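Structure, please.
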Amino acid sequence: MTGAPATPSASKPAGRPLRRGVVLARSVSASARSAVEREWFGSPPHRALITAPRPVGLSARPHDPRPVDIQRGRQLLDGVLTLHDESLKVGAEGDPFDTPSPSRAFAVALHRFDWLPGLLAQGPEGARRALRLIQDWRRVFGTWNAFSWSGECLERRTFHLACAAKTLSPGASDAETAALALDVARGARQLMKASDAPDRALERAVVVAVAGTALVGKAADRLMAEGLRRIARDIDAIVLADGGHASRSPEAGLELLFDLLTLDDALGQRGRPTPEAISRAIDRLSSGARFFTLADGKLAAFHGGETVEPARIAAALAHDDHGPRPPMDMPHAGFQKMQGGAIQVLADAGAPPVGALSRSACAQPAALEIVCGKDRLITSSGWSPEAANAQAFRLSDAASTVSVGEGSAGRPLSGFRAAALGPWLVDGATSVESRRHDGEQGVWLDIVHDGWRRLGLKHARRLFLDLAADELRGEDSLIPMAEAKADGPRRYHPFKISFHLHPNARASLARDGKSVLIKGPSNVGWWLRNDAPDVAVLAAPHFDHGHARQAGVIVLKSQVRAEKGAKIRWKLARATDH
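As a prediction, this is how the structure comes out:
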């Protein structure tokens, strides 16, 4: 592929890689701390500490702008609880907390009280049923339970209760209202004590502040003050200047935006000014949500974030529906967008996060998502933490990028280290540089990373979006690193470029054995032409909220020697009728 070299536009600096000894030491420390916390959190002295002082009543009714699943609430009134596409028959008066859950994901959602907003949408009858369910939960799990009181369940449960308590109180007795307020206060205090998820310190601080706004008295003031103090400490490190989330997950940024909007609303109800840092973060995250919303109306899926439906995105942006058009690049978050007539490309042009923020990161530098018209054709495997048992789909060949041999440009921790720290991503790309040039003829984008340094190779992906022809040309090169050793056995490594198809897209190999015709729901065809020695269209799974769906992947195969390098060129263009 020829053309003028791209001029610098953005370069995403990577975090310093963690040495294995450092990871092991942190694992031992985290494991020991977790064991101590488990013993302490279940003890009577700790339970007494998070109980006092008791709140004296309820104040604000924080409004969560997330869309409500009304159907879920209606089904629950009819005796069927549906969470994560799984259902449990509990009857009109049944207790789901005293019934085995069909899966762990279902149990997490149950103890997070994810059913509560939909039930409240049913009016007084739903509120009465919600009060009974909360009492059922409190009777069995209200004192202490390692699973139900884990941060995984507690964070959202506290948020849901804080938003719902004022709505529930008219149908509750004084004793029930006091118990609700105490549930909120105890949940918020416990969140401040736990150290299990340092990557979610900001999100938990927001929940603590929201809980404080929902209560009255000294307890409320303390929670609000501490939540806001922690937010001020962490917010600028997590919400990047261009609106990205430090985890590099678009969905994580959207969910944090929802929580900050809830806090902004609740502070207004309490007559408190919203701190400037929170208002600034809301503006930035709103811009980020617009950037990551692709032409099919859904969110881009990177680093454990899933595609999000248009209605949910619209709800997050309803506060500012005439916001400015976002730029085409996010230099701090490390993403680049290219827009043609019908082709839209979003490229991962940054290094994966390191440490605690890498729990859901993927080893997929230079990965692409491509939308043609309104059809998302090229994507990734769609992995998210909801598919926790499928960690292999965080590796390089599970996205639309290059992979070499049987390895990956990074890997998640496993075994003792993962149990102690979570599935951090390690050994990922440490140097990722992007250069962009926007001209009259089109957009050039170069991405170079060192994710294959153990093999002595760099991956360089050059993209050119031809605006006149409305076609995307790509060149993927594996380049010998200057410091790579030229001696030793000269061996070939197989390498491939994967183009993962969205489940709604289909592909067929042409008679020449090279070109691939791709069609989406609109039935408009796009040719993927290339000069790879071997081309295949294979079956591949695509994850949607942890559930695998049938999809496909186009694989362009070749070989590379570390001292010589190699490249494959390809082009995506609309199919024309003859």
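
separation between the closest residue to Pro250 other than its chain neighbours and Gly552?
In this structure, Pro250 finds its nearest non-sequential neighbour in Phe292, 3.9 Å apart by C-beta to C-beta, 6 or more residues apart in numbering. In this view, the C-beta of every residue, glycine as well, is placed from N, C-alpha and C. Separation of Phe292 from Gly552 (C-beta to C-beta, to the nearest Å): 24 Å.

Compare those two (neighbour count), which wins?
Taking neighbours as other C-beta atoms under 10 Å, Phe292 and Gly552 compare with Phe292 leading, 30 against 21.

My read is that that one contacts Leu299, right?
Yes. The pair Phe292 / Leu299 is scored as a contact, 5.3 Å apart, by C-beta atoms under 8 Å.

Now do the shared contacts for those two.
Common contacts of Phe292 and Leu299 (C-beta atoms under 8 Å, 6 or more residues apart in numbering): Pro250, Leu254.

Show me the helices in the protein, by range?
For the chain, applying DSSP state H gives helices covering 20-41, 44-49, 70-77, 104-111, 116-120, 124-141, 151-168, 174-193, 201-214, 218-238, 250-269, 276-292, 310-317, 415-421.

how about TSV for those helices, with mean pLDDT and distance to Asn504 added?
Listed next are the helices of the chain as TSV, based on pLDDT from 0 to 100; distance: least, C-beta to C-beta, whole Å:
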stretch	mean pLDDT	distance to Asn504
helix 20-41	92	39
helix 44-49	95	50
helix 70-77	96	23
helix 104-111	96	24
helix 116-120	97	27
helix 124-141	97	35
helix 151-168	98	30
helix 174-193	98	39
helix 201-214	98	32
helix 218-238	97	33
helix 250-269	98	19
helix 276-292	97	19
helix 310-317	97	15
helix 415-421	95	33
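
And these: which comes nearest Gly350?
The closest of those to Gly350 is helix 250-269. By C-beta to C-beta, the value is 12.6 Å.

contacting residues around the closest residue to Ala252 other than its chain neighbours?
Spatially, and ignoring its direct neighbours in sequence, Ala252 is nearest to His245 (4.4 Å; C-beta to C-beta, 6+ apart). By C-beta under 8 Å, 6+ apart, the contact set of His245 is Ile238, Val239, Ala252, Gly253, Leu256, Leu285, Gly288, Ala333.

what do you get for Ile134?
Listed by C-beta under 8 Å, 6+ apart, the contact set of Ile134 reads Phe113, Leu161, Leu168, Leu180, Asp183.

correct me, but the third one touches Leu131?
What that stands for is Leu168. Yes. Leu168 is within contact range of Leu131, at 5.8 Å (criterion: C-beta under 8 Å).

between these two, what contacts are shared?
In contact with both Leu168 and Leu131: no residue, using C-beta under 8 Å, 6+ apart.

From Asn504, how far out is the most centrally placed residue in the chain?
Most central in the chain under C-alpha atoms, centre = their mean is Gly305, positioned 2.6 Å from the mean C-alpha point. Plainly put, Gly305 is 19 Å away from Asn504 if you go by C-beta to C-beta.

now do Pro170
The gap separating Pro170 from Asn504 is 45 Å, by C-beta to C-beta.

Between the two, tell me which one has more neighbours.
Higher neighbour count among Pro170 and Asn504: Asn504, with 16 against 9, using other C-beta under 10 Å.

Next up, the contacts around that one.
Asp375, Arg376, Gly520, Pro521.

For the closest residue to Val516 other than its chain neighbours, list the residues it contacts.
Nearest residue to Val516 in three dimensions, chain neighbours excluded: Leu528, at 4.5 Å (C-beta to C-beta, 6+ apart). By C-beta under 8 Å, 6+ apart, Leu528 lies in contact with Phe499, Ala507, Ser515, Val516, Leu517, Ile518, Ile554, Trp570, Lys571, Leu572.

where does the nearest residue to the last one once chain neighbours are set aside land on pLDDT?
Counting by C-beta to C-beta, 6+ apart, Leu572 lies nearest to Leu472, which is 4.5 Å off, once chain neighbours are set aside. At Leu472, the pLDDT value in this model is 98.

how about low-confidence regions in the stretch 351-500 of the chain?
Scanning the stretch 351-500 of the chain for pLDDT under 70 picks out 483-490.

Count residues in the vicinity of Lys298, would you?
Neighbour count for Lys298, taken as other C-beta under 10 Å: 19.

Could you check how many residues crowd around the nearest residue to Ser287 once chain neighbours are set aside?
With sequence-adjacent residues excluded and distances taken as C-beta to C-beta, 6+ apart, Ser287 is closest to Gly243, at 4.1 Å. Other residues near Gly243 number 25, with proximity taken as other C-beta under 10 Å.

for Gly243, phi and psi?
The phi and psi values for Gly243, taken as degrees, to the nearest 10, are phi 100, psi 0.

ok, it touching Arg280?
No. At 10.4 Å, Gly243 does not count as touching Arg280 under the criterion of C-beta under 8 Å.

Give me the domain ranges for this protein.
23-200, 334-483+491-574 (the TED database).

Quote the end-to-end distance of the shortest one.
Think domain 23-200. Domain 23-200 has an end-to-end distance of 19 Å (criterion: C-alpha to C-alpha, to the nearest Å).

on that earlier part again, I'd assumed Gln344 was in contact with the residue nearest to Leu572.
No. Counting by C-beta under 8 Å, Leu472 stays clear of Gln344, with 9.7 Å between them.

Give me the common contacts of the two.
Common contact partners of Leu472 and Gln344 (C-beta under 8 Å, 6+ apart): Met338, Ile370.

These two: who's more crowded?
Of the pair Leu472 and Gln344, Leu472 is the one with more neighbours under other C-beta under 10 Å, namely 26 against 21.

Enumerate every residue touching the more buried one.
Going by C-beta under 8 Å, 6+ apart, the list of residues near Leu472 reads Met338, Gly340, Ile343, Val345, Ile370, Leu463, Phe464, Leu465, Asp466, Lys571, Leu572, Ala573.

one more time with 6 Å, if that's ok
The contact partners of Leu472, by C-beta atoms under 6 Å, 6 or more residues apart in numbering, come to Ile343, Leu465, Leu572.
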